[in-house]
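> One predicted model, sequence on top.
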Amino acid sequence: MEAFTAVSAMLAAATAVFAVTLYWAVRKFGIGRRDWIAASVVFVWCAGTGAKMYLDSAAQTSEADPLAAALMLGPIQGPGTAIATPSAKREALPSVATLIGGLEERLEREPADPKGWALLAQSYAFIGNTAAAEQAIVHAVEFGANESELRARVDGASRDAHPEAAGRLASADQ
């Protein structure tokens, strides 16, 4: 919504500048009504197309600040500066091993968290560790999770399992 507000403010400012310039041109050069209307139609079309392009670009940008995305503000890319690509952003994310390890540590400190156990069960299912997933389900149910719902979610995670993540997890533990 902020992106839309920013673009609207820019369009309002551009319209004001256009109106003042057009008024000045009509007074100074005596431009006829037909030419004035044609110039207005072209301006409105160009402004609308520009606004749509801005908003589409802002929607595709994965910046945290929607206003900066709408205004196309961001780091200046100079010589020798790497441009962030989706794969570069993906590499910056923590590994599955780190995420599961952090969740395990938190559940050691706060074991009475059914949502945490449910998430751990789904995570284990996602990497194909069904025995550990089953243990996490038992803990989650023990602390009040709905077993049938949890088993359905864990089954879904098992169907989307990424065994290569289990290999990375095993290599990270060594």
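The structure has been received and is ready for your questions. Remember, predicted model here, so these are calculated numbers, not experimental data.
> okay, and the helix or strand of the chain with the least pLDDT?
In the chain, no helix or strand scores lower on mean pLDDT, DSSP states H and E than helix 66-70, which sits at a mean of 48.
> Spit out the contact partners of residue 14.
residue 47 (Cβ atoms under 8 Å, 6 or more residues apart in numbering). C-betas here are computed from N, CA, C, even on glycine.
> Next one: it from residue 47, what distance?
6 Å (Cβ to Cβ, to the nearest Å).
> For stretch 137-145, buried residues please.
Neighbour counts using 16 or more other Cβ atoms under 10 Å place 137, 139, 140, 141, 145 of stretch 137-145 among the buried residues.
> which residues touch it?
107, 111-115, 117-118, 120-121, 147, 150-151, 154.
> Just the buried ones from those residues?
Buried among the contacts of stretch 137-145 (16+ other Cβ under 10 Å): 107, 113, 114, 117, 118, 120, 121, 150, 151, 154.
> Restricted to strands, list the buried residues of stretch 137-145.
Per DSSP state E, strands hold no members of the buried residues of stretch 137-145.
> Closest one to residue 37 out of the residues you listed, please.
Nearest to residue 37 among the buried residues of stretch 137-145, counting by Cβ to Cβ, is residue 145 at 67.2 Å.
> Need the per-residue pLDDT for that closest one.
Looking at residue 145, its pLDDT reads 91.
> coming back round to it: show me which of the buried ones among the contacts of stretch 137-145 is closest to residue 41.
residue 118 (58.7 Å).
> could you show me where the strands are in this protein, in order?
According to DSSP E, the chain contains no strands.
> Do a quick rundown of the helices in it.
Here the chain has its helices, by DSSP state H, at 2-29, 33-60, 66-70, 86-91, 96-109, 114-127, 130-142, 147-159, 163-173.
> what helices or strands is the second one leaning on?
This points to helix 33-60. The helices and strands touching helix 33-60, judged by 3 or more Cβ pairs under 8 Å, 6 or more residues apart in numbering; DSSP states H and E, are helix 2-29, helix 66-70.
> and the ones you listed, which one is worst for confidence?
Across those, the lowest-scoring stretch is helix 66-70, with a mean of 48.
> Low-confidence stretches in the protein?
Regions of the chain meeting the criterion pLDDT under 70 cover residues 1-4, 6-7, 55-93, 162-174.
> could you redo the last one with a cut-off of 90?
Filtered on pLDDT under 90, the chain yields the residue ranges 1-101, 103, 122-130, 153-174.
> Show me it divided up by domain.
Structurally, the chain divides into domains by automatic domain parsing as follows: 2-73, 96-173.
> and these, which is most packed in?
domain 96-173 (a mean of 16; mean count of other Cβ atoms under 10 Å).
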